[in-house]
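[1] only geometry, no sequence info:
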């Protein structure tokens, strides 16, 4: 018993961090499982109602383009913006 107490006092930080790591791992695993199940359900809904959803694809595309033009500023450039910053043609990548 004395040896166990010495070992625990010696490695109490490791034990504490291990316990915290297990808790974080369980929480992240649960969130990941929930996210996966939601994605599977959305895929099932999309597969079941594919012909009802297809007419809305152009509207979704127009909404994305509108959002990029109003909020995105230079982000419509995509990867070319990254390359221009890398080649020092631009100073920085804007946040929006």
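    Nice, thanks for sending it over. Not measured: the values here are computed from a predicted model. Residues are numbered from 1 along each chain as shown.
[2] What's the separation between residue 82 and residue 89?
    Using CB to CB, to the nearest Å, one obtains 11 Å as the distance from residue 82 to residue 89. The C-beta positions use only the backbone N, C-alpha and C, and glycine is treated the same way.
[3] any low-confidence regions in the chain?
    1-2, 75-76, 94-96 (pLDDT under 70).
[4] Residue ranges of each domain in it, please.
    1-48, 50-96 (automatic domain parsing).
[5] Redo those domains as a markdown table? Include mean neighbour count.
    A markdown table is the format used below for the domains of the chain (neighbours: other CB atoms under 10 Å):
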| stretch | mean neighbour count |
| --- | --- |
| domain 1-48 | 10 |
| domain 50-96 | 11 |
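[6] where along the chain do the helices fall?
    Taking DSSP state H as the test, the helices found in the chain are 2-10, 12-48, 50-53, 57-67, 79-86.
[7] what's the closest of those helices to residue 73?
    Nearest to residue 73 among the helices of the chain is helix 79-86; the distance by CB to CB comes to 9.9 Å.
[8] helices and strands around that closest one, which ones?
    On a contact count with 3 or more CB pairs under 8 Å, 6 or more residues apart in numbering; DSSP states H and E, helix 79-86 meets no helix or strand.
[9] Distance from it to the middle of the chain?
    23 Å (CA atoms, centre = their mean, to the nearest Å).
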